[in-house]
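Participant: sequence first, predicted model second:
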Amino acid sequence: MIRVNIRKEEEYIKLGQALKKAGLVGSGVEAKFLIQDGLVRVNGEVEFQRGKKLYDGDVVTYDGETLKIKK
């Protein structure tokens, strides 16, 4: 499991940013296409919005990797 930490002053991180921060994608454009193709799940549900806000405790899965969002 990979942990993506949200900075203290921020309440959330967007899905595309989280994938990039975790090193699972090389760019925002790559994240956009993966998300649009339905390859990314948030809390077990397929997510199609790159700008989906992720909060502490949310879990993202993609390509066999799991990200846990931590405040």
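Facilitator: Everything's here; your move.
Participant: compute the first-to-last residue distance for stretch 46-64.
Facilitator: Start and end residues of stretch 46-64 are separated by 14 Å (Cα to Cα, to the nearest Å).
Participant: my bad, stretch 34-41
Facilitator: 11 Å.
Participant: got the buried residues for that stretch?
Facilitator: Buried positions in stretch 34-41, judged by neighbour count with 16 or more other Cβ atoms under 10 Å: L34, I35, V40. To be clear about C-beta, it is placed using only N, CA and C from the backbone, and glycine gets the same treatment.
Participant: tell me which residues touch the nearest residue to Y55 once chain neighbours are set aside, please.
Facilitator: Of all residues not flanking Y55 in the chain, Y12 sits nearest, at 5.1 Å (Cβ to Cβ, 6 or more residues apart in numbering). For Y12, the contacting residues are I6, K53, L54, Y55, by Cβ atoms under 8 Å, 6 or more residues apart in numbering.
Participant: so where does the residue with the largest distance to the centre of the chain fall, helix or strand?
Facilitator: Here the centre of the chain is the reference, and by Cα atoms, centre = their mean the most remote residue is E9, at 18.6 Å. For E9, there is no host helix or strand (DSSP states H and E).
Participant: ok, K32 next?
Facilitator: Per DSSP H and E: helix 28-36 holds K32.
Participant: from the contact counts, what lies against that helix?
Facilitator: Counting contacts by 3 or more Cβ pairs under 8 Å, 6 or more residues apart in numbering; DSSP states H and E, helix 28-36 packs against helix 15-21.
Participant: buried residues in the helix it packs on?
Facilitator: By 16+ other Cβ under 10 Å, the buried positions in helix 15-21 come out as L15, G16, Q17, A18, L19, K20.
Participant: just these now: which is nearest F48?
Facilitator: Nearest to F48 among the buried residues of helix 15-21, counting by Cβ to Cβ, is L15 at 9.8 Å.
Participant: can you verify my assumption that the closest one contacts V46?
Facilitator: No. If you go by Cβ atoms under 8 Å, L15 and V46 don't touch, sitting 11.8 Å apart.
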